[in-house]
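Enquirer: I need the structure of the sequence given here:
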Amino acid sequence: MKAALLAGGIALALQACANNGGTDPSTPAPTASCNAAAAQFAIGQLPDDALVARARQASGADMARVLRHDQMTTKEFRQGRLNLRLDAQGRIAQVDCG
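Expert: Coordinates of the predicted model:
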């Protein structure tokens, strides 16, 4: 009886780990791509919500982030993410994807 309960508990634990935190493996990953060239108009401007939204939409990205010049970032690449990189004065200095 104890062995059956232990085996059942182990099976549940393994199933929970295989589920990747609740994501459904049958759900396709986002397929948005990003075209940074289409958002170059933002360079030199101060970022606000409206500008970030316009740049994201123009690039075709499904998300955008604004990065300060001294901000540490993660290195994971996300195909559908637009990056608006600021200079020391807080203006957009570079637009890229990833």
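Enquirer: Give me the contact list for whichever strand or helix holds Arg54.
Expert: Assigned by DSSP states H and E, Arg54 falls within helix 49-59. Helix 49-59 is contacted from outside by 34-36, 38-39, 41-42, 45, 62-64, 66, 82, 84, 95, 97, using C-beta atoms under 8 Å, 6 or more residues apart in numbering. C-beta coordinates here come from the backbone N, C-alpha and C atoms, glycine included.
Enquirer: next one: stretch 82-98
Expert: In contact with stretch 82-98 (C-beta under 8 Å, 6+ apart) are residues 33-36, 39-40, 42-47, 52, 55-56, 59, 61, 63-70, 77-79, 81.
Enquirer: what's the span of it, first residue to last?
Expert: For stretch 82-98, the separation between the terminal residues is 6 Å (C-alpha to C-alpha, to the nearest Å).
Enquirer: Pro47 contacts Leu67, correct?
Expert: No. Using C-beta atoms under 8 Å as the test, Pro47 is too far from Leu67 to be in contact (10.0 Å).
Enquirer: Among the contacts of stretch 82-98, which lie within strands?
Expert: Met63, Ala64, Arg65, Val66, Leu67, Arg81 (DSSP state E).
Enquirer: Most widely separated two among the residues you listed?
Expert: The span of the ones in strands among the contacts of stretch 82-98, defined through C-beta to C-beta, is set by Met63 and Leu67 at 12.9 Å.
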